[in-house]
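# have a look at this prediction, sequence included:
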Amino acid sequence: MKILMVCLGNICRSPLAEGIMKTKLPESFSVDSAGTISLHEGEHPDKRAVRTAANHHIDISKQKSRPITRNDFKTFDKVYCMDIDVFEDVVSKTKNEEERQKVSLFLEVLGDQTNAEVPDPYWGDMKDFEDVFQLLDKGCDRIAAQLNPSHL
């Protein structure tokens, strides 16, 4: 099973989600992340995201930002988007219903349709990054339980 986490720039939310998810699934699963824009392509995650992950014993410092590609829809089984705008952008890149069915909002897994967006902490402070980490951790727990029932 191959999972892709997607946010806007691939420097805050999706790198955190990738790092968290990797700690919750066996190595037989593959987890990666991407962004819908290429502005930060090749850059490491935001220092605040790296620090937040490190505070939870997760190293995301070696990740590098990349934009989502057409090939990702062939490679990945599940594509989780961090907010509605990202979701709509990713869906617009799909070519058929099979690819479209792979794409969902990350927080839909928690069942609260009114709060299905992971807020972007980029313009915030360390507390915002910690709040996002906690939200992603909760979502990753639920996704891991769905994809790998032995995670429970």
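Yep, that arrived. All values derive from a computational prediction rather than experimental measurement.
# the strands in this protein, which residues?
2-7, 30-35, 78-81, 103-105 (DSSP state E).
# got the phi and psi for the closest residue to Pro15 other than its chain neighbours?
Using Cβ to Cβ, 6 or more residues apart in numbering and skipping residues adjacent in sequence, the residue nearest Pro15 is Pro45, 4.0 Å away. (Glycine included, C-beta is placed from N, CA and C.) Backbone torsions for Pro45, taken as degrees, to the nearest 10, come to phi -60, psi 160.
# follow-up on the earlier one: in JSON lines, list the strands of the chain along with mean pLDDT, mean neighbour count and distance to Met21.
JSON lines is the format used below for the strands of the chain (pLDDT from 0 to 100; neighbours: other Cβ atoms under 10 Å; distance: least, Cβ to Cβ, whole Å):
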{"stretch": "strand 2-7", "mean pLDDT": "98", "mean neighbour count": "25", "distance to Met21": "6"}
{"stretch": "strand 30-35", "mean pLDDT": "98", "mean neighbour count": "22", "distance to Met21": "5"}
{"stretch": "strand 78-81", "mean pLDDT": "98", "mean neighbour count": "26", "distance to Met21": "9"}
{"stretch": "strand 103-105", "mean pLDDT": "95", "mean neighbour count": "19", "distance to Met21": "14"}
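# ok so, going back, quick check: the residue nearest to Pro15 vs Tyr122, distance?
11 Å (Cβ to Cβ, to the nearest Å).
# ok, those two, which is more surrounded?
Pro45 (28 against 17; other Cβ atoms under 10 Å).
# got a list of what the more buried one touches?
For Pro45, the contacting residues are Ile11, Cys12, Pro15, Leu16, Ala53, Ile60, Ser61, Gln63, Ser65, by Cβ atoms under 8 Å, 6 or more residues apart in numbering.
# and Leu39, by the same measure?
Gly9.
# please apply the same query to Asp137.
By Cβ under 8 Å, 6+ apart, the neighbours of Asp137 are Ile20, His56.
# what does the pLDDT read for the residue lying farthest from the centre of the chain?
For the chain, the residue at maximal distance from the C-alpha centroid (Cα atoms, centre = their mean) is Asn96, at 22.2 Å. On the pLDDT scale, Asn96 is placed at 97.
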